[in-house]
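**Q** next comes the sequence, and after it the predicted model I'd like to discuss.
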Amino acid sequence: MGASAKTQKRIESLRDEIRYHNHRYHTLDDIEIPDAEYDRLMRELQGLEKEFPELVTADSPTQRVGAEPSETLQTVRHQLPMLSLDNVFAEEELREFHQRVAEKLEFEDGAADLRYAAEPKLDGAAISLLYEDGVLLRAATRGDGATGEDITHNARTIDSIPLRLIGNGYPKTLEVRGEVFMPRAGFEAYNKKARAAGEKTFVNPRNAAAGSLRQLDPKLTAERPLDMYVYSVGLVEHGELPEQHSEIIEQLQAWGLKTCPERRVVTGVEGCLAYYEAIGKKRDALAYDIDGVVYKVDSLAMQRELGFVARAPRWAVAHKFPAQEELTTVVDVEFQVGRTGAVTPVARLDPVFVGGVTVSNATLHNIDELHRKDVRVGDTVIVRRAGDVIPEVVSVVTSRRPTKTTRVQLPERCPVCDSHVMREQGEAVARCTGGLFCKAQRSEALKHFVSRKAMDIEGLGAKLIEQFVEEDRFQNPSNIFELTNEELAKRERMGEKSAENLVKAIDASKATSLSRFLYALGIREVGEATAQNLATYFGSLPAILTATAEDLVKVPDVGPVVAKRIRDFLNEGHNLEVIQQLQDHGVHWADTDPMQIAEDGPLTGKTFVITGTLPGMTRDEAKALIQREGGKVTGSISKKTSYLLAGEKAGSKLAKAQQLAVEVLDLNSLIALLK
Ligand code: IVH
């Protein structure tokens with residue numbers, strides 16, 4: 001039976017839509033829909049064309065691997081085409097793939113011992129690197145698989161791409177293929193900076209990698225934190241390579257090319273599934289995005305026997321993870337008020353399953369970001385949830401925008417307390433000016449006050465705080481210490497026992513430390529580390545209360561902005577009153593001697609980061625030691641870090657230090673430095 005007119009129309013509209021997105025993706029570098037949605041369109045079209053083969057046309061998007069490369073860069077013809085991979089999503093589909101391979105290779109007993117090279121499917125941009133006599137001659141993008149673009153100028157700026165191979169025995173002509181990607185941390189940092197500068201942000205790390213590779217100016221590429229792993233070879237002339245894929249990759253590694261450390265050789269479909277599960281568990285902890293795993297028949301002889309269908313090998317398959325980006329619609333845009341009064345736009349969404357959870361709210365960061373993305377009620381948007389990062393709206397699918405939508409405006413008044421909303425010059429954040437009068441700010445301030453790293457009052461949950469604030473029973477944190485068993489037990493859903501426990505917890509919290517107390521006050525810019533530094537430096541509260549901004553900036557890690565925030569806070573009479581009331585209620589701590597900082601110590605001008613378990617010394621003790629000798633201690637490694645003090649079980653920070661060539665010390669070498 002032939003296709004109905006309706007089916008023919010659907011096929012045409014799918015082709016149009018896919019062509020439109022191909023153009024956006026490959027030529028404009030400006031994607032509009034997530035991969036998962038693109039895959040669905042493609043699969044639907046493939047399904048229909050399979051059912052009605054008479055309708056397949058030569059110009060159908062199913063008949064090519066990608067789209068035309070754009071014309072701004074030189075085109076390069078790949079001597080061997082750069083192929084794509086078939087995808088499977090469900091276990092059943094993977095079993096079918098394995099079955100086909102096993103049958104074609106005439107294996108018996110389910111081919112339980114067939115060896116596969118298993119690797120993460122890196123979510124970046126494919127690259128071809130051509131080495132002639134071990135020297136990088138040309139780098140190209142994949143393009144449509146047959147022709148790509150010459151991006152040699154950009155590839156040369158990526159540190160992990162060797163300009164010359166090391167060792168010997170490499171073929172005279174060696175083309176390697178791999179994936180260029182932007183590690184997640186670099187992506188977040190890049191976007192944060194771009195956001196602050198009011199510049200365009202990247203939608204996701206993959207787009208960031210693809211866009212960076214195709215820059216015309218290599219200086220721009222050089223500023224992007226890119227990395228690369230190789231995963232296969234292309235053209236090989238005048239030379240020999242091993243006969244197993246896994247051994248080839250080992251060999252490439254030995255020649256100085258970076259390969260993914262997560263790759264393994266597994267056997268049978270069960271081995272593949274176990275690998276898929278293991279990498280799935282590890283996915284969030286990896287430093288880079290992956291969207292699945294790839295299994296390749298390890299033996300090249302078998303690969304040759306299996307051959308290719310259309311543009312994909314029969315000997316390999318991509319086993320995809322659930323998508324981290326999905327489409328949904330914006331039901332509403334609301335403004336939330338945080339502890340410091342920051343008014344943050346939040347999108348209320350039609351619930352959507354993404355990154356392994358159902359998401360119904362996503363942050364829009366701030367009003368500038370909201371306007372840059374121009375998210376409107378009724379819009380179809382891409383929502384992204386990667387790892388533990390909070391879900392965010394990445395972009396709007398403007399081609400699906402309904403008619404009659406309006407731009408969202410920053411409210412002039414706080415949605416909670418009706419105070420004016422103000423924006424300081426040059427700040428992205430708008431704030432409610434209500435202070436503790438604003439119930440939203442008050443609730444958040446109290447939640448912060450009782451939190452584990454602050455006063456650590458267990459049992460005083462968010463709900464209860466909100467109720468007490470709503471009733472105006474809580475005006476400021478000192479009211480917490482007025483609560484009695486009788487008052488609490490009278491509350492709904494609060495038994496006598498829990499009332500008693502809460503009063504005990506409140507009482508126990510009174511014995512605290514100066515640093516916890518300072519942190520609990522919730523002064524802007526005074527986080528845990530700064531509170532600790534202030535406490536160590538001054539040793540007592542009166543010393544801090546009377547410190548001038550000039551005194552304050554002498555504290556390690558405190559700059560003029562933080563000093564001003566502290567002074568501003570302490571200049572408010574009502575804040576001083578609360579501090580007094582808390583002490584009147586019995587909140588206390590032990591004072592210490594003010595710190596003597598060497599003005600010209602052995603570590604003056606040096607910045608340290610501490611990681612791992614140090615022998616016979618806590619990290620806080622090590623920190624105090626460094627500070628006493630004039631050094632600074634910060635929380636994260638950057639190019640400005642002078643030393644990483646590393647103990648046992650040092651993890652990602654050690655890797656980062658090595659990457660940035662920051663000198664690593666153990667405790668003994670630090671002590672040697674002090675002499
Ligand atoms: S092998 C013939 N291995 O996935 C096999 N590809 O759809 C060709 N990719 O454009 C690719 N990680 O950029 C292979 N470990 C991996 C990969 C990988 C990511 C990308 C590659 C290609 C696409 C294939």
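**A** Arrived safely, thanks for sending. Numbering: from 1, shown residues only.
**Q** what parts of the protein come near the ligand?
**A** Within the chain, the positions near the ligand by Cβ under 6 Å from any ligand atom are 83-85, 119, 121-122, 126, 142, 179, 231-232, 294, 313, 316, 318. Quick note: C-beta positions are derived from backbone N, CA and C, even for glycine.
**Q** between the residues you listed, which is nearest residue 102?
**A** residue 316 (14.6 Å; Cβ to Cβ).
**Q** now do that closest one, the pLDDT please.
**A** On pLDDT, residue 316 comes in at 98.
**Q** so which bits of the helix or strand hosting residue 395 are buried?
**A** According to DSSP states H and E, residue 395 maps onto strand 392-396. Buried residues in strand 392-396, counting neighbours by 16 or more other Cβ atoms under 10 Å, are found at 392-396.
**Q** spatially central residue in the protein, please.
**A** residue 184 (4.4 Å; Cα atoms, centre = their mean).
**Q** that one against residue 324, yeah?
**A** No - when contacts are counted by Cβ atoms under 8 Å, residue 184 is not listed as touching residue 324 (11.0 Å).
**Q** shared neighbours of those two, which are they?
**A** Residues touching both residue 184 and residue 324 (Cβ atoms under 8 Å, 6 or more residues apart in numbering) are 289, 386.
**Q** residue 625: neighbouring residues, count only.
**A** Residue 625: 18 surrounding residues under other Cβ atoms under 10 Å.
**Q** and it, that one's in a strand?
**A** No - counting by DSSP: H, G, I helix; E, B strand; the rest coil, residue 625 falls outside a strand, being helix.
**Q** run through the residues that contact the closest residue to the ligand within the chain.
**A** Nearest to the ligand in the chain, going by Cβ to the nearest ligand atom, is residue 126, at a distance of 3.2 Å. Taking Cβ under 8 Å, 6+ apart as the contact definition, residue 126 lies against 82, 141-142, 177-180.
**Q** make TSV from those residues and add secondary structure and pLDDT to it.
**A** Listed next are these as TSV, based on DSSP: H, G, I helix; E, B strand; the rest coil; pLDDT from 0 to 100:
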residue	secondary structure	pLDDT
82	coil	95
141	strand	95
142	coil	94
177	strand	98
178	strand	98
179	strand	98
180	strand	98
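**Q** just send these back as a markdown table, with neighbour count too.
**A** Supplementary listing: the contacts of residue 126 in a markdown table, determined by neighbours: other Cβ atoms under 10 Å:
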| residue | neighbour count |
| --- | --- |
| 82 | 24 |
| 141 | 29 |
| 142 | 25 |
| 177 | 20 |
| 178 | 25 |
| 179 | 24 |
| 180 | 29 |
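**Q** average pLDDT across stretch 584-592?
**A** Mean per-residue pLDDT for stretch 584-592: 96.
**Q** what comes up buried for that stretch?
**A** 585, 587, 589.
**Q** likewise stretch 309-316?
**A** Along stretch 309-316, these residues count as buried under the neighbour rule (16+ other Cβ under 10 Å): 311-316.
**Q** cool, and stretch 336-345?
**A** Neighbour-count burial for stretch 336-345, counted by 16+ other Cβ under 10 Å, picks out 337-345.
**Q** was I right to think residue 321 contacts residue 286?
**A** No - using Cβ under 8 Å, residue 321 is not in contact with residue 286; the gap is 11.5 Å.
**Q** so what does the host helix or strand of residue 153 touch, helix or strand wise?
**A** Applying DSSP H and E as the criterion places residue 153 in helix 152-155. Contact here means 3 or more Cβ pairs under 8 Å, 6 or more residues apart in numbering; DSSP states H and E; on that basis helix 152-155 packs against strand 135-141, helix 205-213, helix 218-222.
**Q** helices and strands around the second one, which ones?
**A** By that I understand helix 205-213. strand 125-132, helix 152-155, strand 173-181, helix 184-196, helix 218-222.
**Q** mind putting the ones you listed into TSV with distance to residue 452?
**A** Listed next are these as TSV, based on distance: least, Cβ to Cβ, whole Å:
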stretch	distance to residue 452
strand 125-132	42
helix 152-155	46
strand 173-181	36
helix 184-196	25
helix 218-222	42
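**Q** among those, which is nearest residue 674?
**A** Proximity to residue 674, assessed across those by Cβ to Cβ, is greatest for helix 184-196 (31.9 Å).
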